[in-house]
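Engineer: Only the shape, not the letters, is given here:
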């Protein structure tokens, strides 16, 4: 199957996942079983054969509903996100922070999602709903239309990558500073050396403050740019 045909097949599946009520097997049940497997054992455990086994079918039975694993993973990602938080009617900055909080939560609830490569723009119904929910308050901020998508991409990428670090990092605490102290020389790394002296260079595994601080800088910048 060519790349274009594969993308078209995935798009059709994303927008037509309603299961035949007369059948115990369908796209919905396949995707739900795959998500449960990935939540329990990671993305590497997901295969057409394994998911089929979880449902009590053969892999060939699954292929009649989902063409292959790439399409299955795309369906899993879209479904696992769920719907974005509803518009609360509050000011645009609060809406963006609420969006980031909710996105952070679904990534940490389904850390396997962070292992899925981003290969293109959002296309699924839930993915597009999340994108719309971020674009809407950004547009309300007064940001120029030509900058909306770029800013949304920056914010969503920051949330995703910091969530990945949060899910994977192994805290080393003060030991990190002790190790750096063996190699960091003020003449070579003056800023790092100064931070170490002040005691702020430690790895406690908590990256959420980095997200909150970074978002504050971005949103402060937007306010300044649009006022």
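Structural biologist: Good, I have the coordinates. Small disclaimer: the values here were computed from a predicted structure and weren't measured.

Engineer: Break down this protein into its helices, ranges please.
Structural biologist: Counting by DSSP state H, one finds helices in the chain at the ranges 3-14, 27-41, 48-55, 59-63, 69-81, 92-109, 125-140, 148-168, 174-181, 190-198, 208-226.

Engineer: Among these, which one carries the weakest average confidence?
Structural biologist: Across the helices of the chain, helix 174-181 has the smallest mean pLDDT, namely a mean of 73.

Engineer: Could you look over the helices of the chain and pick the most buried one?
Structural biologist: helix 69-81 (a mean of 22; mean count of other C-beta atoms under 10 Å). Every residue, glycine included, has its C-beta placed from N, CA and C.

Engineer: What angle do helix 48-55 and that one make with each other?
Structural biologist: Interaxial angle, helix 69-81 versus helix 48-55 (axes from the mean of the first three to the mean of the last three C-alpha atoms, to 10 degrees): 50 degrees.

Engineer: what sits up against helix 69-81?
Structural biologist: By C-beta atoms under 8 Å, 6 or more residues apart in numbering, the residues outside helix 69-81 that reach it are 6, 9-10, 13-14, 17, 27, 30-32, 34-35, 38, 43, 46-48, 51, 66, 106, 110, 113, 116, 124-127, 130.

Engineer: for stretch 142-162, same thing?
Structural biologist: 96, 100, 103-104, 107, 114, 130-131, 134-135, 138-139, 207-208, 210-211, 214-215, 218, 222, 225-227.

Engineer: how much space between the spatially most central residue of the chain and residue 64?
Structural biologist: Centroid-nearest residue in the chain: residue 160, 4.4 Å away (criterion: C-alpha atoms, centre = their mean). Residue 160 sits 33 Å away from residue 64, going by C-beta to C-beta, to the nearest Å.

Engineer: Residue 223 now?
Structural biologist: 53 Å.

Engineer: same question, residue 206
Structural biologist: Separation of residue 206 from residue 64 (C-beta to C-beta): 46 Å.

Engineer: same check, this time on residue 122
Structural biologist: Distance, residue 122 to residue 64, by C-beta to C-beta: 27 Å.

Engineer: And these two? Which one has more around it.
Structural biologist: Here residue 122 and residue 64 are compared on neighbour count by other C-beta atoms under 10 Å; more neighbours surround residue 122, at 18 against 10.

Engineer: List the contacts of that one.
Structural biologist: 128, 130-131.

Engineer: Pick out whichever of those sits closest to residue 83.
Structural biologist: residue 130 (8.2 Å; C-beta to C-beta).

Engineer: Which residue is most remote from the mean position of this protein?
Structural biologist: Each residue of the chain has a distance to the centre, and by C-alpha atoms, centre = their mean the biggest one is for residue 187: 39.6 Å.

Engineer: Report pLDDT for that one.
Structural biologist: For residue 187, pLDDT reads 89.
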